[in-house]
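Novice: coords please:
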Amino acid sequence: MRNNQFAQSALWKHINETKLAKNQIKTMDNFKSSGVNFKLSLWNPQTNGVRYLKTLIYNLCANLDKNDWKIIRNIRNRNIGDPISVKYNGEDICLDYLQALYELRFINKAISLDNRNIVEIGAGYGRTCHALMDNHKIRSYYIIDLENCLELSRKYLKSALSPSKFSRIKFVLADDMNRLEDAQFDLCLNIDSFAEMDQKVVKNYLDYINQHCKYFYVKNPIGKYYDKSLDNHNQGLQMVKLALKTGILREIVNIDDNRDISMHAGKYMRAYLPGKKWSCLAKSWAPPWSYYWQAMYKKRRERK
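Specialist: Prediction:
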């Protein structure tokens, strides 16, 4: 007669009859990436994406220092749009603004951002602009983008920033770049958009930066990847094919291999150099994504 003093719970009775049924554990071939292990030691990443995202955010927050928290707290109205966040040190933190923090931290080590005229090519909804405007006395901030993105960033930044700060932002359609032919900027930013443009368009932008900017910060992937296990190509094979054709760095990279990433990082540095008169001030991996790199370039002054 069995002792019921240590009987399994109803929960584990169900698990043993389903995910851990004996016919599920006959082989050791792939059990660690199957439903067997997803009930033992690993949450299924396919159905627990938000759990893993929040875990990532939480762990990144644990490594922030006092100056980082000062920068974060200066950025008001971060919760517009209902981001996926965690609560840390009394602050709601999402991954977008952690990345903005990393960007500011990197740029600030290279140059001072106060009283600068800045242009950003492809601003998304405007998170980096928001972070810079709330942490520095920016003289002017130009955003160049496609029409729908400009509409989104204009609405977002108008809601997030004070009227005086918002008034310093100019929104320019990419098709209207001729409006900026006589403009000169202290700093140009491109974050995660050059890799999604046609090659000739990227080269045109780099030529513009060469002629009109003193500094250039770029943060983009070091190449392309083709790993169906990451997202099951859920946007369709056609979108995958389109993505593989864009940008100036189109070699396939093993984004889970640090040596392969390091090898392609050198190509990244050469590809984004705006011209012969430019040199690199700083470069590094751009956390948290393994295959992103960042660099700050400076244009040498003309000798009189």
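Novice: Tell me where the model's unsure across the protein.
Specialist: The chain contains residues with pLDDT under 70 at 1-3, 25, 302-304.
Novice: So which residues of it form helices?
Specialist: Using DSSP state H, the helices of the chain run over residues 10-17, 35-38, 49-61, 66-74, 95-110, 127-135, 147-160, 163-166, 199-212, 228-231, 237-244, 258-271.
Novice: Please identify which of those is closest to residue 294.
Specialist: With distances scored as Cβ to Cβ, the stretch of the helices of the chain nearest to residue 294 is helix 95-110 (5.8 Å). Every C-beta, even on glycine, is put in place using the N, C-alpha and C of the backbone.
Novice: now for the helices of the chain, which one comes closest to residue 301?
Specialist: Here helix 199-212 is closest among the helices of the chain (Cβ to Cβ), at 14.0 Å.
Novice: And the contacts of that closest one?
Specialist: The contact list for helix 199-212 (Cβ atoms under 8 Å, 6 or more residues apart in numbering) reads 119, 121, 177, 180, 183-185, 188, 190, 194, 197, 216, 246-248, 272, 274-275, 277-278, 299.
Novice: same deal with stretch 53-72?
Specialist: 84-86, 88-89, 91, 93-95, 97-98, 101, 104-105, 131, 135, 287-288.
Novice: List buried residues within those.
Specialist: Taking 16 or more other Cβ atoms under 10 Å as the criterion, what is buried in the contacts of stretch 53-72 is 85-86, 88, 91, 93-95, 97-98, 101, 104, 131, 135.
Novice: one step back: same list (the helices of the chain) but as a markdown table, adding distance to residue 283.
Specialist: As requested, those are exported to a markdown table (distance: least, Cβ to Cβ, whole Å):
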| stretch | distance to residue 283 |
| --- | --- |
| helix 10-17 | 49 |
| helix 35-38 | 39 |
| helix 49-61 | 21 |
| helix 66-74 | 21 |
| helix 95-110 | 9 |
| helix 127-135 | 18 |
| helix 147-160 | 27 |
| helix 163-166 | 30 |
| helix 199-212 | 17 |
| helix 228-231 | 26 |
| helix 237-244 | 25 |
| helix 258-271 | 6 |
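Novice: right, and the ones you listed - which one's nearest residue 24?
Specialist: helix 35-38 (5.5 Å).
Novice: Without its sequence neighbours, what residue ends up closest to residue 52?
Specialist: Spatial nearest neighbour of residue 52, chain neighbours left out: residue 45 (6.1 Å); criterion: Cβ to Cβ, 6 or more residues apart in numbering.
Novice: That neighbour reaches residue 229, doesn't it?
Specialist: No: with contacts counted by Cβ atoms under 8 Å, residue 45 stays clear of residue 229, the gap being 9.4 Å.
Novice: higher neighbour count, the two?
Specialist: More neighbours surround residue 45 than the other of residue 45 and residue 229, with 13 against 9 (other Cβ atoms under 10 Å).
Novice: For that one, give its distance to residue 134.
Specialist: For residue 45, the distance to residue 134 (Cβ to Cβ, to the nearest Å) stands at 34 Å.
Novice: Repeat that for residue 214.
Specialist: Taking Cβ to Cβ as the measure, residue 214 falls 23 Å from residue 134.
Novice: Next, count neighbours for residue 231.
Specialist: Counted with other Cβ under 10 Å, the neighbours of residue 231 add up to 11.
Novice: Going forward, count from 16.
Specialist: Will do, 16 is the new start, and the previous item becomes residue 246.
Novice: how close does it sit to residue 187?
Specialist: Using Cβ to Cβ, residue 246 is found at 33 Å from residue 187.
Novice: can you check residue 157 too?
Specialist: Going from residue 157 to residue 187 by Cβ to Cβ gives 6 Å.
Novice: Spit out the residues that contact the two alike.
Specialist: With Cβ under 8 Å, 6+ apart, residue 157 and residue 187 have common neighbours residue 195.
Novice: Those two: who's more crowded?
Specialist: With neighbours defined as other Cβ under 10 Å, residue 157 and residue 187 compare such that residue 157 has more, 21 against 18.
Novice: my read: that one touches residue 134, true?
Specialist: Yes: when contacts are counted by Cβ under 8 Å, residue 157 is listed as touching residue 134 (4.3 Å).
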